[in-house]
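Undergrad: Please find the sequence and the predicted model below.
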Amino acid sequence: MLACCSVHCFCEDKMKFTIVFAGLLGVFLAPALADYNINVNDDNNNAGSGQQSVSVNNEHNVANVDNNNGGNSWNSIWDYGTDFAATRLFQKKICIVHKMNKEVLPSIQSLDALVKEKKLQGKGPGGPPPKGLMYSVNPNKVDDLSKLGENIANMCRGIPTYMAEEMQGASLLFYSEKCFTTNILWIVNISFCGEKVVY
């Protein structure tokens, strides 16, 4: 009878430990896995005003930005593991992929810190001007999404996907095509230019 009781107590203690451990794990993991929502109301964005939310996944080295604004909604994923970024324009039903310019885009640690500390909340036009990037969209579709990494392949699967090249220097002065601009959290404006993105 005593052996049975001690086994029962041991099992009960083990169960309590498991519950406490799971609770602590939840407390420490929740901030790392949570989405951080930031409201954006920016009239200078070609996509208009809307709400943006940012998810930073440090485990997979990926940041995801959703801009919800009706027909002008878009989603962007920055894959720091592959150094590719993709933006899905919902109204045009296309994906645009480009190499990340790490001199302009914040590191995943910086972005995560800004979002967690809510330093982006309400900064808007009163803060420093956002950095800008301009890309020329190649009119030829990407045939093999797998070379862009799993995250981007999953986001762009089943819709036309195009590569874009960053334009710099003199080419910016003479560029005459219309562009679609995404204003990402007042950190960076990314413009995609070419026939595939004109509204």
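TA: Looks like it came in fine.

Undergrad: Which stretches in this protein count as strands?
TA: Using DSSP state E, the strands found in the chain span residues 35-40, 50-57, 62-68, 74-79, 84-89, 94-99, 131-141, 161-166, 179-184, 188-193.

Undergrad: Mind giving me the packing neighbours of the longest one?
TA: For strand 131-141, the contact count by 3 or more CB pairs under 8 Å, 6 or more residues apart in numbering; DSSP states H and E identifies strand 94-99, strand 161-166, strand 188-193 as packing neighbours. The way it works is simple: take the backbone N, C-alpha and C, and place the C-beta from them, glycine included.

Undergrad: Provide the contact partners of the second one at residue level.
TA: It refers to strand 161-166. 86, 94-99, 101, 133-142, 145, 192, 194, 196 (CB atoms under 8 Å, 6 or more residues apart in numbering).

Undergrad: Restrict that strand to CA atoms and write it as CSV.
TA: Output of strand 161-166 as CSV, limited to C-alpha atoms (Å, rounded to 0.1, in the frame of the first residue of the first chain):
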residue,chain,number,x,y,z
THR,A,161,5.2,35.9,-59.8
TYR,A,162,7.7,38.4,-61.2
MET,A,163,11.2,39.4,-60.2
ALA,A,164,12.2,43.0,-59.7
GLU,A,165,15.6,44.7,-59.9
GLU,A,166,16.5,47.6,-57.7
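
Undergrad: Direction included, what does that strand pair up with?
TA: strand 94-99 (parallel), strand 131-141 (antiparallel) (DSSP bridges).
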